[in-house]
Each structure stands twice: as C-alpha cells, then as structure tokens.
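Trainee: need a 3D model of the following:
(4 chains)
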2 protein chains.
Amino acid sequence: MATPLEKAHKDPESMKARILAVACRIFGEYGFHGTTTRMIAQEVGIDISTLHYHWGEKKDLYEAVILDINKDLGQKLIDVEKIIHGLPLSERMAIAIDTMTDYFFARPEISNIMLFRYIAKTRDNVDLRVPEFTADIARSMGLTRKSPHHTPPRAMLEVLAVMNAIHNFISGENFFRPMVNLEREEYIKTVKETLKFVLIPAFVQREGET
Amino acid sequence: MATPLEKAHKDPESMKARILAVACRIFGEYGFHGTTTRMIAQEVGIDISTLHYHWGEKKDLYEAVILDINKDLGQKLIDVEKIIHGLPLSERMAIAIDTMTDYFFARPEISNIMLFRYIAKTRDNVDLRVPEFTADIARSMGLTRKSPHHTPPRAMLEVLAVMNAIHNFISGENFFRPMVNLEREEYIKTVKETLKFVLIPAFVQREGET
DNA sequence: GTTTGCTTCCATCAAATGATGGAGAGAGTA
DNA sequence: TACTCTCTCCATCATTTGATGGAAGCAAAC
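Mentor: Have a look, this model is predicted:
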C-alpha cells in the first residue's frame, strides 16, 4: 500500500510535486550551490521546514530532480524514436532535432540540469547512478550497425556532440539571444535552422559513402 | 608610476597572480557559488585575508578571472587566425578545431568558465562588459561575406555552435570519458576527430553550392 | 467529541561563509 | 637605529544557509 506521501508524489498538485517542480527550475537556473533551500521554499510559498519535511536534505531533493528529469527525458526519447523509426537518416535527424529542441525550449530546466551535471563539480559529491541514454540514441541513429551490442566511443561522442549542441542553445538563451538581438520565437526558429544545418550533413554524407 | 601591486599583477610568481591562477581553476570546477574564498586560499596555501587584501570581494576576483581568460582567449584566436589565413575552408576549420581543442584541453578552466557564464545565473548579479569574439570568428570563417560590417544572427549562432561543441567536450571530460572508457590521450584524439567529422562538412558543402 | 495521523509553520541551532581590523614580520631607506 | 611601506596571518564578526524540534492546524476515523 502506498503511503500518502508516495501517492502525493504522483499528484502534480501535491505539495511534494510542487516543490519538485520549482526545485527543478531553480536548480536549473543557479546550479546546486547557487540554489538555497530558502529560494525554493519562497518560490513555492512555503516554509523551509515544509520542504525538508517532504524531501529531506537538499542533496536528496537535487537527486530527485535529476532522476525526475531523466525519467521524463527518457520517455521523450522513446516517443521521438517511434515517430522517426524507418525514415531516411536526414529526415530522422531533422525531425529529432526539431522535436527535441521544442521539448527543451519548453522545459529549459532539463537542458540546464544536464549541462550542470556535465561541467560542474559539487563540493558534497552528488554522484548518483542515473540511466544514460547516449548509447540508445547512437543505436537509434544507426551508428552501431557494425557492432549492434557495443557502442564504440566514437559513436558515443557523436551523439553527445549533437545532444549538447541542442542543450547549449537552450541553456544559453539568456546569454546568446541579446547577442543576436532576436525575439524569442525568432531565436528558436533560427536555432533549429542552425542546428539542422550544422549537424545533419556530416552524417548524411558518411551514410552515402558506404 | 605603477604601484607594487600593479607590477605584481604581471609577475606570474607574484602572490596576486598565483591567487588569480588558482581562482581560475577552482571557479572553473565549482562555479561561482560552488567556490568559497577559503577553498582558493587553502589551495594557494595562504590565509583568506591575504586573498581579500589582493583582490577585494569574491565577486571582484571572479570578474578578474573572467577578464583574464577572455584576454587570453582573444589572443589565442588572433594567433590561430594568422595561421589559417588564406587557406581553403576545410583546412581552416580543421586546423582551427585542432588548435583550439588542444588549447582548451591544456586550460580547461577557460571552457568551464565560458560555459558557466552561458548557462548559470548568479545570485549577486555578476554582469560585466566583456569583449565578445563571436562576431570576429564569424568574419574569420567567412560567414559575413554578404554583409561585411554586420554579423547576421544565423552566422553568430553557427559560430556559437562550433565553439560550444568544443567547450562541451573539454568541460564534460570528467563525465564523458568514463562513459566512453578511454584514456585521456585517446579521448582527446577521438574528440578532435568527432568534432572535425561533425562540424566541417556542413560549411564546406554550403561553400561549394555558391 | 475525541483520537489519530499527516501537514505546516515558528523559533532556533550549528556550521559555513564572506569579510575586516589590527598586530607582526620583513625589506628597504634615512 | 629608527622609520616607512608592503605583505601576511590570527582572531573575530555578521550573515547566510542547511537543518531540526515542537506546537498548532486540520481532516478523517472512531
């Protein structure tokens, strides 16, 4: 039997879920050390002790955030994979880039948290076993044909290059958009064009060579 | 007449310069809020008051770090530009990617700090007018031929895509290298190959079309 | 109405953190 | 020697921050 707390976790209106959602956003903006439990509590409109009551230590909440966005991201990747399955490579990539870019722009916390995990150390080590999708994406992109059950380093890095290129434009919006002086919609559109222009030709060209 | 402190700033053995170098590394690893003045002082082997004596507030030191790496990066870009000037596009890009990747791997703090600035907010706003090189790189890559005195948004984003792709692999080394299970040297080599493979064809192909 | 269990807030604490004043060490100079 | 100037450290402070105990609120169960 699920405890009330466990049930509450599923209900997006529940306090526990509301805290998680806000924590996700704030951690994404300021990083682990840049975020204080008080910032999150204030944004939710509650006392910090309520926050600690639901999630325990700050580190625990942060881990919950990571697991949460990872679950969401994994589901999204499965959805996209279904849509693009069977299409020619150039279309597969174009649709995947469009779809994932829209998704990340709608939930920039995800890109933020992913990048923070990649580049930032944490004083109190928040190391946590989280499912990694890079190898799956490599398979989905057809980069593992020669060795279906093993993902070569080169294929992994190619996937990371693509994914991170997307993340960067989402997480860097506050910095880049003033640089290029575009409205939000126009920025998103140009980002998509740029990503497709830069990322697709290499893969299509290689495919044609075989 | 330069004060002793000003003179010291130039001497890399001086206390002020030693603090700056360590601060650069630590801020790069942990970000602004993840870094404490005590961490820096301890790494240098001095008291925090000595650190404050030379650099004032934490924020001032951080700004000094940003200005310092920016100056260095600007000089490096000028050097590279000289080397690749006049070569065909594909060679220009290959050499630039190789050279810049080596440079950032040798000084990962630069990639770290750049990415931190792009993606992370700071509670106490550290906003600071720093020269931006994106437009210059766009010019150097020949992306502004149609409008030599204005850099279109699209060209800016293309440059950012290229530069950030490099930064990501350097800053993400701690995260990515265990994923692909490569020794450092092998990782660097594969990163370079991957970057050149992913980034060059798009630009070369477009050039051929005109 | 009373009891029970879950949730929330107030008051408070201990540790971490940014920052400073002032004493002392040391080198150079008169 | 006495003086000055620069640099460094020790002691200390005020604030921020993560965290907790306990009282109060509140709804459902008895």
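Trainee: switch to C-alpha atoms for all contacts and neighbour counts from now on
Mentor: Fine.
Trainee: so where's chain A uncertain?
Mentor: For chain A, the stretches with pLDDT under 70 are A:1-10, A:12, A:210.
Trainee: quick check: domain ranges of it?
Mentor: A:1-56, A:69-209 (automatic domain parsing).
Trainee: nearest to DNA strand C, out of the ones you listed?
Mentor: domain A:1-56 (3.6 Å; CA to the nearest atom of the strand).
Trainee: close to chain B, is the closest one?
Mentor: Yes: using CA under 8 Å from any CA of the partner chain, domain A:1-56 reaches chain B at A:28-34.
Trainee: can you redo the domains of chain A as TSV with distance to DNA strand C and mean neighbour count?
Mentor: TSV is the format used below for the domains of chain A (distance: least, CA to the nearest atom of the strand, whole Å; neighbours: other CA atoms under 10 Å in any protein chain shown):
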stretch	distance to DNA strand C	mean neighbour count
domain A:1-56	4	17
domain A:69-209	8	17
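Trainee: how about TSV for those, with distance to B:Ser147 added?
Mentor: Shown next, in TSV, are those (distance: least, CA to CA, whole Å):
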stretch	distance to B:Ser147
domain A:1-56	36
domain A:69-209	15
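Trainee: and DNA strand D, which of those domains is closest to it?
Mentor: domain A:1-56 (3.2 Å).
Trainee: follow-up on the earlier one: between the residues of domain A:1-56 next to chain B, which sits nearest A:Leu77?
Mentor: A:Gly28 (20.4 Å; CA to CA).
Trainee: wait, the closest one touches A:Arg107, no?
Mentor: No: using CA atoms under 8 Å, A:Gly28 is not in contact with A:Arg107; the gap is 10.1 Å.
Trainee: contact residues of chain A facing DNA strand D?
Mentor: Chain A has residues A:33, A:35-38, A:48-49, A:52-53, A:56-59 near DNA strand D, with proximity defined as CA under 7 Å from any atom of the strand.
Trainee: which SS state does the residue nearest the centre of chain A fall under?
Mentor: Centroid-nearest residue in chain A: A:Ile110, 3.6 Å away (criterion: CA atoms, centre = their mean). Classification of A:Ile110 using DSSP: H, G, I helix; E, B strand; the rest coil returns helix.
Trainee: could you export the residues of domain A:1-56 next to chain B as JSON lines, including secondary structure and distance to A:Ile97?
Mentor: Output for the residues of domain A:1-56 next to chain B, formatted as JSON lines (DSSP: H, G, I helix; E, B strand; the rest coil; distance: CA to CA, whole Å):
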{"residue": "A:Gly28", "secondary structure": "helix", "distance to A:Ile97": "22"}
{"residue": "A:Glu29", "secondary structure": "helix", "distance to A:Ile97": "23"}
{"residue": "A:Tyr30", "secondary structure": "helix", "distance to A:Ile97": "26"}
{"residue": "A:Gly31", "secondary structure": "helix", "distance to A:Ile97": "26"}
{"residue": "A:Phe32", "secondary structure": "helix", "distance to A:Ile97": "28"}
{"residue": "A:His33", "secondary structure": "helix", "distance to A:Ile97": "31"}
{"residue": "A:Gly34", "secondary structure": "helix", "distance to A:Ile97": "30"}
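Trainee: nearest to A:Val204 among those?
Mentor: Of the residues of domain A:1-56 next to chain B, the one sitting nearest to A:Val204 (CA to CA) turns out to be A:Gly28, at 33.9 Å.
Trainee: what about the helices in chain A?
Mentor: All helices of chain A, identified by DSSP state H, fall at A:4-10, A:15-34, A:37-44, A:48-55, A:58-84, A:89-106, A:108-119, A:134-140, A:153-171, A:173-180, A:184-209.
Trainee: looking at those helices, which is nearest to B:Thr144?
Mentor: Among these, helix A:173-180 sits nearest to B:Thr144 (CA to CA), with 13.9 Å.
Trainee: check which helices and strands the closest one sits against.
Mentor: helix B:108-119, helix B:153-171 (3 or more CA pairs under 8 Å, 6 or more residues apart in numbering or on different chains; DSSP states H and E).
Trainee: would you mind writing the CA trace of it as PDB?
Mentor: What follows is helix A:173-180, C-alpha atoms only, in PDB (Å, rounded to 0.1, in the frame of the first residue of the first chain):
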ATOM      1  CA  GLU A 173      19.400  31.700 -24.400                       C
ATOM      2  CA  ASN A 174      19.800  34.400 -21.800                       C
ATOM      3  CA  PHE A 175      23.300  35.000 -22.900                       C
ATOM      4  CA  PHE A 176      23.000  34.400 -26.700                       C
ATOM      5  CA  ARG A 177      19.700  36.000 -27.500                       C
ATOM      6  CA  PRO A 178      20.800  39.500 -26.600                       C
ATOM      7  CA  MET A 179      23.900  38.900 -28.700                       C
ATOM      8  CA  VAL A 180      21.900  38.100 -31.800                       C
END
